[in-house]
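Enquirer: Below is the sequence, then the predicted model.
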Amino acid sequence: MTNKIEKDIIKNLDTSKKYVVALSGGVDSAVLATVVVKKIPNLRSIFVRHNQKHSKELEESANKIAKNLKIDHKALDSNLEENSSETKMRETRYEILYSELKEDEILLTAHTLSDKVETFFINLLRGTRVRGLRSIPKMTERTKRPLLGVSKENIIKYAKENDIKYLDDVTNFDNQIIRNWIRNELIPKVDEKFAGTIEEKISSLITEIESIFETTDLDFKYIKTAKGYIEIPIALVQEKNIKSNMYLSLLSKTLGIPSLQKKDIEKIVKAINDEKKVDFDNNWICGVSNSLLIFVNKKIWSEQYKTKDKEFGIFKFSSIEEVKFMNNWTAFLPNEEAFNIGPIKDGDKIKVNGKKIKVSEIFRNYGIKNVLKEVWPVVSVKQEIYWVPGIRKSDSLIEYEKSGKSNIIIASIEKSSIENY
């Protein structure tokens, strides 16, 4: 058992690299650090203070483990309040660990096969899509999880065989926490009733799901993105099949959401069926426009407008010296200090053919709906709207252009395809 676990841990590590162990004071990270330090000369450890009950005891345990192994060790503070959620603690922990990580270092976390199976159940019971059922990846760009193929039971056996000191986190026995309920009640009851272990069965299923993602042919060219913007053809996500589920999973990744749950899918279906704007998580809103499902992050767009850059979401504004022909994507404007680019406000109007018309009405006439309407840029001069790029120019702008001024601004829409997943 000892040799097998050591081989599992070391086989994917490079002795020339520098590693940092996220040391919790518990058995998993204690075993990980003990094995790695035997083979890896460049190793240090970090403990993150979660400010929860028994955090002090776990910190003391982590300190002792690092001291016994004679590795550099650091404890870092967090701003977590007592009784913070597991999700909040995980997000904060990674944020702190990554901020401490040096460019040439790789983070090692002590997630086990048992953690992977528990996460599978959590995601399944929350109604996640297929991508979420892949559970915990063995590695990401800056993180490796060498214990992910080893069960918790075997980790504990290894610790006993090698006299490794650690502290049991008493919160692991609080079955009010979903993960603990799955670990302490659900999985043991399933194992009682069925031959073989549920851990082995779920692990095999996760491997199959991962292989499907690796082999299924997805066409990414139809999915377009920009800063604070995502679009995908409705047809790609409407069918109930494996490809549709995988496209939805891709959306979750791009939106910065770990996995789309049942409630999230219901929001998307509502946006498609009702053709109305729907609020999403992380400041995203979604809606439908011209057979496309569009996601817009108003907070990101707002920040771009405040910086007065020349790029706003999918829109790019450039100054040019001359133009061969004029259209609604090109305008002669006063110098840069005299005009402003931003989203429309309630009641905004533009003067067209001698009449003041609501900009929202102009959008409606041109099929610019809900989510796009809220972020589409308008150009104003002295608080008067001169130009809705790609759609309309005001009477004032048309008159100004006759003056022969040469400050030419061209607007364009630029989106990128997602090249890989």
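Expert: Okay, I see it.
Enquirer: which residues sit in contact with S259?
Expert: S259 makes contacts with N123, R126, T128, R129, R131, G132, S249, S252, as judged by Cβ atoms under 8 Å, 6 or more residues apart in numbering. Any C-beta I mention is one placed from the backbone N, CA and C, and that applies to glycine too.
Enquirer: May I ask which of the residues you listed has the most neighbours?
Expert: Within those, T128 tops the neighbour count with 25 neighbours, counted by other Cβ atoms under 10 Å.
Enquirer: Now it: closest residue in space, sequence neighbours ignored.
Expert: S259 (4.1 Å; Cβ to Cβ, 6 or more residues apart in numbering).
Enquirer: State the three-state secondary structure for that neighbour.
Expert: Under DSSP: H, G, I helix; E, B strand; the rest coil, S259 falls in the coil class.
Enquirer: Would you quantify the distance from the closest residue to K17 other than its chain neighbours to N42?
Expert: In this structure, K17 finds its nearest non-sequential neighbour in I106, 5.9 Å apart by Cβ to Cβ, 6+ apart. Distance of I106 to N42, computed by Cβ to Cβ, to the nearest Å: 10 Å.
Enquirer: Same check on E153?
Expert: Counting by Cβ to Cβ, the gap from E153 to N42 is 31 Å.
Enquirer: likewise N180?
Expert: Applying Cβ to Cβ to N180 and N42 gives a distance of 35 Å.
Enquirer: Give the rounded mean pLDDT of stretch 65-75.
Expert: Over the span of stretch 65-75, the pLDDT mean works out to 94.
Enquirer: Buried residues, it. List them.
Expert: Buried residues in stretch 65-75, counted by 16 or more other Cβ atoms under 10 Å: I65, A66, L69, I71, H73.
Enquirer: same thing with stretch 102-111?
Expert: Buried, per 16+ other Cβ under 10 Å, within stretch 102-111: E105, I106, L107, L108, T109, A110, H111.
Enquirer: Also stretch 267-282?
Expert: In stretch 267-282, counting by 16+ other Cβ under 10 Å, buried: K267, I268, A271, I272, K277, V278, F280.
Enquirer: And for stretch 412-419?
Expert: Buried, per 16+ other Cβ under 10 Å, within stretch 412-419: I418.
Enquirer: Contacts for that stretch, please.
Expert: 220-226, 229, 231, 250, 254, 314-316, 318, 329, 390.
Enquirer: if we go to 7 Å?
Expert: The contact list for stretch 412-419 (Cβ atoms under 7 Å, 6 or more residues apart in numbering) reads F220, K221, I223, K224, T225, A226, I314, F315, K316, W329.
Enquirer: How about stretch 175-188?
Expert: Applying Cβ under 7 Å, 6+ apart, the contact partners of stretch 175-188 are E86, E118, F121, I122, N172, F173, D174, I198.
Enquirer: now those residues: which count as buried?
Expert: Buried by 16+ other Cβ under 10 Å: E118, F121, I122, I198, out of these.
Enquirer: mind putting these in JSON lines, secondary structure, distance to R364 and pLDDT included?
Expert: Listed next are the buried ones among the contacts of stretch 175-188 as JSON lines, based on DSSP: H, G, I helix; E, B strand; the rest coil; distance: Cβ to Cβ, whole Å; pLDDT from 0 to 100:
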{"residue": "E118", "secondary structure": "helix", "distance to R364": "50", "pLDDT": "92"}
{"residue": "F121", "secondary structure": "helix", "distance to R364": "47", "pLDDT": "91"}
{"residue": "I122", "secondary structure": "helix", "distance to R364": "43", "pLDDT": "89"}
{"residue": "I198", "secondary structure": "helix", "distance to R364": "55", "pLDDT": "90"}
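Enquirer: Quick check: the two most widely separated of the residues you listed?
Expert: Largest separation among the buried ones among the contacts of stretch 175-188 by Cβ to Cβ: I122 and I198, giving 14.1 Å.
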